[in-house]
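Chemist: Let me see the structure of the following:
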Amino acid sequence: MATLAQLVDDVVVHKFEVASTDVTLGRHPENTVTIDDSAVSSHHARITQKANEYFPEYIEYFIEDCGSTNGTYINDLRIQGKKRLHNNDIVRLAWNRFKFLDEKESDMEKTVQMLNKTI
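Modeler: The predicted structure is shown next:
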C-alpha cells in the first residue's frame, strides 16, 4: 500500500495511506485527504490506482489535477492530465509538498534491474 507523507521543511508532519481506489485531495472536508490551505482548491487532485498490466500483484498509482487554480506538480513539473506516480516522487498541491512512498514499486524496480542485467 502506498503512502503520501506531507512534508514541512522536509520533515514528515502527516502520513496518509492511499488505501482506496479513488483518493481525493483538496480543501473541502468531503475529500479523502483534507488540506487546510486557501491556496488549495476545494477539489484539487485525485489519485487512482490499477493493477500492473504484466504483474497484477503490483499496483500502479496515477494522479490528476481536478481543475485547480494553483496546479498539481510532480517533482516541480506541473501536470496536465493523468500522470503515473513513482516511489519517492514529490507531489505539490499549490505550496503543500508530499512525498509519495510505494515500497512495493521499489521492490519491483530492483527486480526489473536484476532481470535487465542478466539479459
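
Chemist: CA atoms for contacts and neighbours, from now on please.
Modeler: Will do.

Chemist: Report the secondary structure element holding the nearest residue to residue 32 once chain neighbours are set aside.
Modeler: If the residues on either side of it in the chain are set aside, residue 32 comes closest to residue 24, at 5.1 Å by CA to CA, 6 or more residues apart in numbering. Residue 24 belongs to strand 22-26 when assigned by DSSP states H and E.

Chemist: Report the buried residues of stretch 42-50.
Modeler: 42, 43, 44, 45, 46, 47, 48, 49 (16 or more other CA atoms under 10 Å).

Chemist: Can you show me the CA trace of that stretch as CSV?
Modeler: Extracted in CSV, the C-alpha atoms of stretch 42-50 (Å, rounded to 0.1, in the frame of the first residue of the first chain):
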residue,chain,number,x,y,z
SER,A,42,-11.8,22.6,-2.9
HIS,A,43,-11.4,19.5,-5.1
HIS,A,44,-7.7,19.9,-6.1
ALA,A,45,-6.5,16.4,-7.3
ARG,A,46,-7.3,12.7,-7.4
ILE,A,47,-5.2,9.6,-7.1
THR,A,48,-6.4,6.5,-8.7
GLN,A,49,-4.8,3.0,-8.9
LYS,A,50,-4.9,0.0,-11.1
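
Chemist: which stretches of this structure have low pLDDT?
Modeler: 106-119 (pLDDT under 70).

Chemist: residue ranges of the strands in the protein, please?
Modeler: Here the chain has its strands, by DSSP state E, at 2-8, 11-18, 22-26, 33-34, 45-51, 59-65, 72-74, 77-78, 82-85, 90-93, 96-101.

Chemist: There's contact between residue 38 and residue 27 in this structure, I believe.
Modeler: Yes - shown here, residue 38 and residue 27 form a contact pair, counting by CA atoms under 8 Å, at 7.4 Å.

Chemist: Give me the more crowded residue out of those two.
Modeler: Using other CA atoms under 10 Å as the criterion, residue 38 and residue 27 rank with residue 27 on top: 18 against 10.

Chemist: list the contacts for the more buried one?
Modeler: 34, 35, 36, 37, 38, 40, 41, 42, 43, 44 (CA atoms under 8 Å, 6 or more residues apart in numbering).
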